[in-house]
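Colleague: This is a predicted model, with the sequence first.
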Amino acid sequence: LPTAMLSAQPAGYNYDEAKVPAYTLPDPLVMADGTPVTSADQWPKRRDEIMDLFLQEVYGKAPGKPEGLHFKVIEQSDDAVNGKATRKQVRVFFDADETVAMDILIYLPKKLVDAKQPVPTFLTLNFFGNHSISDDPAIVLSESWMRSSKEKGVVDHRATEASRGASASRWPVETIIDRGYGLAAIYYGDIDPDFDDGFKNGVHALYDPPAKDGWGSIATWAWGLSRAMDYLETDAEIDANRVAVFGHSRLGKTSLWAGASDPRFSITISNDSGCGGAAISRRAFGETVARINTSFPHWFCDNYTKYNDNEAACPVDQHQLVALIAPRSVYIASAQGDTWADPRGEFLSAVHAAPVYQLLGTDGIGGETELPPVNEPIMHTMGYHIRTGKHNVTDFDWKAYMDFADQRWGK
Ligand code: GCU
């Protein structure tokens, strides 16, 4: 197939490996003052340094857990997914006055619930509402603002009945249930609508406008995932020690930041996350920092624009984001046709984070340094695959994530 048929390759960006600039990555195992980090007990200090830089220069600082946070189960059934699952829809209110909320749609294998076995669960954000992941008519149709999409049945930025199940190909709900996992889904626009409105809507309405190092939308969505985790910890049907946070594309960037900033996530999964996610920014392959900050000025904190067309000046690069997750399990996935997201750059962030994983006593990425053959997942404490096809979430991806969860959680 000609590459053009595989994925969007906006013109004016580099897709040629030979034209990647020479670069030096900041070393995750050297302190800011030059001291080498040679033992695990030095890592917390170095980790704090790296975390502060990501907070200050890249994603921005988010507030903690709001005082008024509370939850209400708004719907539940023990007969979902062909009788195999229970369904629960939980409204998470971010304030005592109930002005801003997000809904979590939860499916759990009925067998495990009946046996009172807490369920290991995939916590996920989606692009077009919880009702888009399945045609289950009991799912509350989202009333939140949505990006325009005819294909997803969105009219005037609102979902319609035609939106039900519109993204079902990305969500093999029945297979997830059959494999003994739960699925918790949230519409990202409940947390922060995905457009540049000057930080007024979504949960930002409850806070002062951010400073130059204040939370952008990615940090806000990740904060929402932490609030979902606050709920999951209260639900005895869920095994809060075995929660995998998963996201695709901009939501893959989000899952990485969620996994880095909240140690309660046992597994972090990034699907085709690209620039500002797993891809090494200094490679400037496909999407660049300047382009992402221009097209999506609300995603990162304002300080990040300092690195437009100047990636080398940034005190961190994305392998250090992955390193922040260590020693917890992380899986990074790429698609061959998704050159915009720089598959090799996504793999390299795992390779360059691996020394931290090894210092902390794990097998990292198993010593791999070469991009593996397509469709052959590597699974160690860190996992990786590059599959054939384009920017998307497929059954192949989900099979790999569930195999990885089986392995990591000893199922
Ligand atoms: C755009 C953007 C990417 C992003 C993607 C998505 O292509 O440039 O950075 O990952 O949208 O979220 O679908």
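Modeller: Sure thing, it's come through. Numbering: from 1, shown residues only.
Colleague: which parts of the stretch 101-250 of the chain sit against the ligand?
Modeller: 249-250 (CB under 6 Å from any ligand atom). Every residue, glycine included, has its C-beta placed from N, CA and C.
Colleague: where exactly do the strands run in the stretch 101-250 of the chain?
Modeller: 101-109, 119-126, 154-155, 158-159, 182-187, 238-248 (DSSP state E, counting those that start in this stretch).
Colleague: Hey, what's the angle from the fifth one to strand 101-109? Just curious.
Modeller: The one in question is strand 182-187. 160 degrees (axes from the mean of the first three to the mean of the last three CA atoms, to 10 degrees).
Colleague: by contact count, what packs against strand 182-187?
Modeller: Contacts defined by 3 or more CB pairs under 8 Å, 6 or more residues apart in numbering; DSSP states H and E place strand 182-187 against strand 101-109, strand 119-126, helix 173-178, helix 217-232.
Colleague: Redo the ones you listed as JSON lines? Include mean neighbour count, mean pLDDT and distance to residue 259.
Modeller: Below are the helices and strands packed on strand 182-187 laid out as JSON lines (neighbours: other CB atoms under 10 Å; pLDDT from 0 to 100; distance: least, CB to CB, whole Å):
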{"stretch": "strand 101-109", "mean neighbour count": "25", "mean pLDDT": "99", "distance to residue 259": "18"}
{"stretch": "strand 119-126", "mean neighbour count": "24", "mean pLDDT": "98", "distance to residue 259": "11"}
{"stretch": "helix 173-178", "mean neighbour count": "18", "mean pLDDT": "98", "distance to residue 259": "19"}
{"stretch": "helix 217-232", "mean neighbour count": "24", "mean pLDDT": "98", "distance to residue 259": "9"}
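Colleague: got JSON lines for these, with distance to residue 191 too?
Modeller: Listed next are the helices and strands packed on strand 182-187 as JSON lines, based on distance: least, CB to CB, whole Å:
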{"stretch": "strand 101-109", "distance to residue 191": "5"}
{"stretch": "strand 119-126", "distance to residue 191": "8"}
{"stretch": "helix 173-178", "distance to residue 191": "22"}
{"stretch": "helix 217-232", "distance to residue 191": "3"}
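Colleague: ok, the nearest residue to residue 121 once chain neighbours are set aside - contacts?
Modeller: Excluding its sequence neighbours, the residue lying closest to residue 121 (CB to CB, 6 or more residues apart in numbering) is residue 182, at 3.6 Å. By CB atoms under 8 Å, 6 or more residues apart in numbering, the residues touching residue 182 are 106-109, 119-122, 176, 238.
Colleague: Local confidence estimate at residue 182?
Modeller: pLDDT, residue 182: 99.
Colleague: same deal with residue 1?
Modeller: 38.
Colleague: repeat for residue 198
Modeller: 89.
Colleague: pLDDT score for the residue lying closest to residue 77 once chain neighbours are set aside?
Modeller: Nearest non-adjacent residue to residue 77, counting by CB to CB, 6+ apart: residue 87, 4.8 Å away. Note for residue 87: predicted pLDDT of 99.
Colleague: phi, psi of residue 87?
Modeller: phi -130, psi 140 (degrees, to the nearest 10).
Colleague: Just grab the bridge partners of it for me.
Modeller: Beta-bridge pairing for residue 87 (DSSP bridges): residue 77, residue 107.
Colleague: thinking residue 181 is in contact with residue 119, fair?
Modeller: Yes: judged on CB atoms under 8 Å, residue 181 makes contact with residue 119 at a distance of 7.0 Å.
Colleague: what's the overlap in contacts for those two?
Modeller: residue 109.
Colleague: where along the stretch 251-400 of the chain do the strands fall?
Modeller: 267-271, 329-335, 378-379, 382-387.
Colleague: Tell me which residue is most central in the protein.
Modeller: residue 255 (2.0 Å; CA atoms, centre = their mean).
Colleague: What degree of burial does the closest residue to that residue other than its chain neighbours show, as a neighbour count?
Modeller: Of all residues beyond its chain neighbours, the one nearest residue 255 is residue 247 (3.6 Å), with distances taken as CB to CB, 6+ apart. Neighbour count for residue 247, taken as other CB atoms under 10 Å: 31.
Colleague: how much space is there between residue 247 and residue 258?
Modeller: 8 Å (CB to CB, to the nearest Å).
Colleague: so who does the residue nearest to residue 77 touch?
Modeller: Going by CB under 8 Å, 6+ apart, the list of residues near residue 87 reads 75-77, 80-81, 105-107, 136, 138.
Colleague: again with residue 193
Modeller: Per CB under 8 Å, 6+ apart, neighbours of residue 193: 144-145, 201-202.
Colleague: State the pLDDT value of it.
Modeller: 97.
Colleague: Check which helices and strands the host helix or strand of residue 50 is in contact with.
Modeller: Residue 50 is part of helix 43-53, with elements assigned from DSSP states H and E. Counting contacts by 3+ CB pairs under 8 Å, 6+ apart, helix 43-53 packs against helix 318-325.
Colleague: Report the buried members of the contacts of residue 87.
Modeller: With burial judged by 16 or more other CB atoms under 10 Å, the buried subset of the contacts of residue 87 is 80-81, 105-107, 136.
Colleague: and which of the contacts of residue 182 is nearest the ligand?
Modeller: residue 122 (18.7 Å; CB to the nearest ligand atom).
Colleague: Spit out the contact partners of the closest one.
Modeller: Neighbours of residue 122 in contact, by CB under 8 Å, 6+ apart: 176, 181-184, 243-246, 401, 405.
Colleague: Which ChimeraX command selects the buried ones in these?
Modeller: The following ChimeraX line selects those of the contacts of residue 122 that are buried, judged by 16+ other CB under 10 Å:
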select :176,181,182,183,184,243,244,245,246,401,405
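Colleague: Closest one to residue 71 out of the contacts of residue 122, please.
Modeller: residue 184 (12.5 Å; CB to CB).
Colleague: Quick check: end-to-end length of stretch 59-78?
Modeller: 40 Å (CA to CA, to the nearest Å).
Colleague: ok, back up a step: how about the helices and strands packed on strand 182-187, which one is nearest residue 39?
Modeller: Closest among these, once you apply CB to CB, is helix 217-232, at 30.0 Å.
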